[in-house]
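Visitor: here is my input, please return the structure:
(4 chains)
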2 protein chains.
Amino acid sequence: MAAHTHHAHGDPAAWTDHAARTLAEHGTRSGGARRAVVATLADQDCCASAQEIHERLRAAGRPVGIASVYRSLDLLHGLGLVTRVETGDGVARYEPALPGGEHHHHLVCVRCGGVEAFEDDALERAIHAVGDRVDFDVTAHDVALRGRCRACRAA
Amino acid sequence: MAAHTHHAHGDPAAWTDHAARTLAEHGTRSGGARRAVVATLADQDCCASAQEIHERLRAAGRPVGIASVYRSLDLLHGLGLVTRVETGDGVARYEPALPGGEHHHHLVCVRCGGVEAFEDDALERAIHAVGDRVDFDVTAHDVALRGRCRACRAA
DNA sequence: GCACATTCTGATAACTGTTCTCATTCCCAT
DNA sequence: ATGGGAATGAGAACAGTTATCAGAATGTGC
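Guide: Model (predicted):
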């Protein structure tokens, strides 16, 4: 899992602004801890767990209580500002959700636990078709493909 | 979540036999606890958590240590005899995996936590197409649609 | 059928990720 | 500036899962 400078979610600043606006509209106050969590989310390439965010903040010299990290993520998720991703190892991961609704899905390596993102229009269309067909008011979906990443395939 | 007599996985006895055979080939001994877990899995309509299986066994007058339930599920999963399903509430659920590879996906109600199953060929095709396109050795996949079930939509 | 090596089992302790509690701090409308 | 209420952080509490270990069950070779 190398660090990337590329952001799969578009301009980080755009999402940060969008998040700040939505939070303000919701009537929340702007505390330092949540602002730090939002900044960390905006700056990440793919999904991160609460503990990873907590650790990243501590490393950046802006320690935030773990409870505040969980609280912030919960609030952001409730407002639709982040997507919760389950990779199957029992930890919840989060990533910024763009207002437009564009999103990606994940490839999870069963060996190293690494996560990569992919997008696929045909897959989205198939999922929406299912949603229309079914007696269920579908509001979200997620897809995880499991297997071995390039590095782990060799090993 | 009403109990159904319909089995989404075909003939329960067929899977039970398949499981027994695979376990024997793998060189495991046949203890009572694991046999009871296999029987419970075979008899269920959709995915169940370890704790649900534990409870079901206790209710049926065949109590099994919770550790044995987890151990059995882990072994069965390792042999590809069960599928692990993540519904997003932090608990792992399991259901029999048929040898042919036929499988379904899940509709998760975000309100009551209920789970329903669905199948869709177009979705499967789209997923396989992604698997071929991507630099990842995909061996499994799962899809969860989230929303409100019929009952919770009204509430 | 019997003895034996091994595996399986179950009670319980330990761990991990997450949520709850509550006293304190901080934000911001007034 | 100040007062009321939300936000924060430390730590306790919790749930699901995994590890440990002594005793019971399995099945193989005789």
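Visitor: domain map for chain A?
Guide: A:8-99, A:104-155 (automatic domain parsing).
Visitor: output the ones you listed as TSV; include the columns mean neighbour count, mean pLDDT and distance to B:Tyr94.
Guide: In short, each C-beta sits where N, CA and C put it, glycine included. TSV is the format used below for the domains of chain A (neighbours: other C-beta atoms under 10 Å in any protein chain shown; pLDDT from 0 to 100; distance: least, C-beta to C-beta, whole Å):
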stretch	mean neighbour count	mean pLDDT	distance to B:Tyr94
domain A:8-99	17	93	13
domain A:104-155	17	93	15
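Visitor: right, is the helix or strand harbouring A:Leu75 up against chain B?
Guide: Assigned by DSSP states H and E, A:Leu75 falls within helix A:66-78. No - on the criterion C-beta under 8 Å from any C-beta of the partner chain, helix A:66-78 is out of touch with chain B, staying 11.0 Å away.
Visitor: ok, that helix near DNA strand C or not?
Guide: Yes - using C-beta under 7 Å from any atom of the strand, helix A:66-78 reaches DNA strand C at A:Ile66, A:Ala67, A:Tyr70, A:Asp74.
Visitor: so what touches that helix?
Guide: Residues outside helix A:66-78 that contact it (C-beta atoms under 8 Å, 6 or more residues apart in numbering or on different chains): A:19, A:23, A:28, A:33-34, A:37-38, A:41, A:50-51, A:53-54, A:57, A:82-84, A:94.
Visitor: at 7 Å what do you get?
Guide: Outside helix A:66-78, the residues that touch it by C-beta atoms under 7 Å, 6 or more residues apart in numbering or on different chains are A:Ala19, A:Ala33, A:Arg34, A:Val37, A:Ala50, A:Ile53, A:His54, A:Val82, A:Arg84, A:Tyr94.
Visitor: just stretch A:27-35 next, same as before
Guide: Residues outside stretch A:27-35 that contact it (C-beta under 7 Å, 6+ apart): A:Val64, A:Gly65, A:Ser68, A:Ser72.
Visitor: and the gap between the last one and B:Val85?
Guide: The reference is to A:Ser72. A:Ser72 is 28 Å from B:Val85, where distance means C-beta to C-beta, to the nearest Å.
Visitor: of the contacts of stretch A:27-35, closest to A:Ala13?
Guide: A:Ala13 has its nearest neighbour among the contacts of stretch A:27-35 in A:Ser72, at 18.7 Å by C-beta to C-beta.
Visitor: gap between that closest one and B:Ala129?
Guide: 37 Å.
Visitor: same check, this time on A:Ala19
Guide: For A:Ala19, the distance to B:Ala129 - C-beta to C-beta - is 34 Å.
Visitor: and if you look at A:Arg21?
Guide: Taking C-beta to C-beta, one finds A:Arg21 at 38 Å from B:Ala129.
Visitor: what of A:Glu102?
Guide: 20 Å.
Visitor: try A:Val69
Guide: Using C-beta to C-beta, which is the criterion applied here, A:Val69 is 38 Å from B:Ala129.
Visitor: so A:Arg62 sits in a strand?
Guide: No - assigned with DSSP: H, G, I helix; E, B strand; the rest coil, A:Arg62 falls outside any strand and is coil.
Visitor: quick one, what contacts it?
Guide: Going by C-beta under 7 Å, 6+ apart, A:Arg62 touches A:Ala36.
Visitor: likewise A:Thr83?
Guide: Contact analysis of A:Thr83 by C-beta under 7 Å, 6+ apart lists A:Tyr94, A:Glu95, A:Ala97, A:His103.
Visitor: and the angle from the strand ranked longest in chain A to strand B:136-149?
Guide: Looking across chain A with DSSP state E, the single longest strand is strand A:136-149. Inter-element angle recorded for strand A:136-149 and strand B:136-149: 160 degrees (by axes from the mean of the first three to the mean of the last three C-alpha atoms, to 10 degrees).
Visitor: A:Arg111 reaches A:Arg153, doesn't it?
Guide: No - if you go by C-beta atoms under 7 Å, A:Arg111 and A:Arg153 don't touch, sitting 8.8 Å apart.
Visitor: how about stretch A:41-57 and DNA strand C, any contact?
Guide: Yes - counting by C-beta under 7 Å from any atom of the strand, DNA strand C is contacted by stretch A:41-57 at A:Ser49, A:Ala50, A:Gln51.
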